[in-house]
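Novice: got a predicted model here, sequence first, then my questions.
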Amino acid sequence: MFSPSKIKKDFPIFTDSNLVYLDNAATSQKPQAVLDAVDSLYKEANANVHRALYSLGSEATERFENSRKKVANFINANSKEIIFTSGTTESINLLARSLGNTLKSGDEILISEMEHHSNIVPWQLAAKRTGATLRYLSIKKTGELDLSEPEKYFTKKTKIVSLTHMSNVLGTINPIKGLAKLAHNVGAIFIVDGAQGASHLPVNMKELDCDFYAFSGHKMLGPTGIGVLWGKTKLLEEMEPFMGGGEMINTVSMESSTWNDIPYKFEAGTPNFAQAVGLGAAIDYLENIGMEAIELHEKTLLNYALNKMNHMDGIRIHGSAKDRGGVISFNVDGIHPHDLAQFLNEDNIAIRVGHHCAQPLLKTLGESATARLSFYIYNDENDVDKFCDSLKTIMGYF
Ligand code: 7TS
C-alpha cells in the first residue's frame, strides 16, 4: 500500500496548507512532475508539432507522440487509436456528431439515467438532427443500472449505446463487459464515458470490449484542456471527421479534400501538445503507484467514510451499489447542501454541492442538490476524520 501523506508532498498545492480536498470527481490536483513536464516543454522544446522541419519541432513532436504511446500503453491499446481531444466532453461530442450523422428516424440511442450532461446533451442534439430516438436505462434504488429486462432496451433498433464507467454522483461502477455483450448482441456500437473510469480504475481496452472509451486528463493528475478518445481502428477509419482544418487532411483542392490517416484525421488544428505531454507525465506518476493499488485505496477510504457517516443521525447517503468507487453523495436533514459547503470551507474543506451536471439523475433521486465527497490518491483517513468532525460541528448549529 502507498502512503497518501508522502504522495501529498509531491503536490505543491498541499505545501504548507491544511487543505482537505474532496472534490476530485470535478478535477484532480497536479503533482510537481506534471507541472515540470509542461514547463520544460515550453522552455526547451516549444515549436508546433508535425510540421516544423527543425530540431525544436522534432523534439516537440517526439514528446507529443511519446505521450500518445504512454496513453496507449496505459489502456492497453494501439497508439493510432488514441485521439487527443480537449476532454471527455469533446470526445463524446465528436462521436455524437460523427457517428450520430449515420443515424436515421426509427434508430435508437441508449444511455442511462445516471449520465453526466456531457453524455446526454450531445445525444439529444444528434437525435434532434437525425430523427433518432433517445432512450434511458433506469436505475434501481441501489444506484445500479436496472438490467432486469434488457430486451426492452437493447433491440434491433438500438444503434448506439453510451454509458458511464463510473457515476460521478453515486460512485456506481457499471458492469462494462456485460453491457458490451448486450450492445454487441443487437449490433449496436458501445461507447464508454470513462471520465471517472480511467482516472480511478485499471482499464484495459482489450478486456472491456467496448468500441470507444472517452476520458479527461485533468481528472487524472494531468493538465486541463487535454483528453482522449480511444476507438477501434476499423470504426475510426470508417468514420467521417468531426472538425475540419490543418493536419487532418491528406490533400485539399478548391472543391474537396481527402483525409489524413487516424488518429490525425480527428485532430484538426494545433493540438494541445504541451498539455498532452503533461498527461504523459501524469500517467507515469499513476503507473508508478499502480492503478490496482489506487482502486483499492479509494475503495478502502470509501468504506471507512461510509462507516463513519452511517453512524451519524440525519444523513441520507445516496446509492449503495455493490461495486462502487470513492464517491459519496449525501444530504443532511435541515441543512441545504450549499450552506454545508460554505461552512465546510471555513475549515478549508473543499467538497462539491449542486446537481453535479447530472440533473436527470438528481430528479430520480428526488433532490435538487446533493453534497458530494470524492477521493483520490492523496486523500487519507485523516481527511475523512476532519470532514466528519467539521460536519458534526455544523450539524450542531442547526
Ligand atoms: N462524464 C463524467 C462521468 C464526468 O464525471 C464528467 C465531469 C464528464 C463526463 C465531463 O468531463 P470534462 O472533463 O469534459 O468536463 N464531471 C464533473 C463533476 O463531477 N464535477 O465537475 C465535473
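Specialist: Okay, I see it. If you're wondering where the values come from, they're calculated on a predicted model, not measured in any experiment.

Novice: and the pLDDT at the residue nearest to Phe375 when sequence neighbours are not counted?
Specialist: Leaving aside its sequence neighbours, Phe375 sits nearest to Gly326 (CB to CB, 6 or more residues apart in numbering; 3.5 Å). In short, each C-beta sits where N, CA and C put it, glycine included. The score at Gly326 is 98. That number is its pLDDT.

Novice: look up how far Gln359 lies from the nearest residue to Ser374 once chain neighbours are set aside.
Specialist: In space, and not counting its chain neighbours, Ser374 is closest to Ala25: 3.6 Å by CB to CB, 6+ apart. Going from Ala25 to Gln359 by CB to CB, to the nearest Å gives 16 Å.

Novice: ok, those two, which is more surrounded?
Specialist: Using other CB atoms under 10 Å, the more surrounded residue of Ala25 and Gln359 is Ala25, with 28 against 13.

Novice: quick one: residues contacting the more buried one.
Specialist: Asn168, Gln196, Lys219, Val327, Arg352, His356, Arg372, Ser374 (CB atoms under 8 Å, 6 or more residues apart in numbering).

Novice: swap in 6 Å and give it another go.
Specialist: Asn168, Val327, Ser374 (CB atoms under 6 Å, 6 or more residues apart in numbering).

Novice: for it, helix, strand, or coil?
Specialist: coil (DSSP: H, G, I helix; E, B strand; the rest coil).

Novice: gap between Met395 and Val20?
Specialist: 17 Å.

Novice: neighbour count winner among the two?
Specialist: For Met395 versus Val20, neighbours defined as other CB under 10 Å are more numerous around Val20 (21 against 18).

Novice: so how many other residues sit close to the closest residue in space to Ala126 that isn't next to it in sequence?
Specialist: The spatially closest residue to Ala126, leaving aside those adjacent along the chain, is Gly100, at 3.1 Å (CB to CB, 6+ apart). Neighbourhood size, Gly100 [other CB under 10 Å]: 23.

Novice: from now on call the first residue 147
Specialist: That works, and once the first residue is 147, the last one we named lands at Gly246.

Novice: got phi/psi on Gly246?
Specialist: For Gly246, the backbone dihedrals are phi -60, psi -40 (criterion: degrees, to the nearest 10).

Novice: does it touch Ala273 like I think?
Specialist: No. Here Gly246 lies out of contact with Ala273, judged by CB atoms under 6 Å, at a distance of 8.1 Å.

Novice: the chain - how does it break down into domains?
Specialist: 150-168+437-543, 180-434 (automatic domain parsing).

Novice: quick one on the thing from earlier: which ones, among the contacts of Ala171, also lie beside the ligand?
Specialist: Contacts with the ligand within those, counted by CB under 6 Å from any ligand atom: Asn314.

Novice: kind regards, and thank you for your time.
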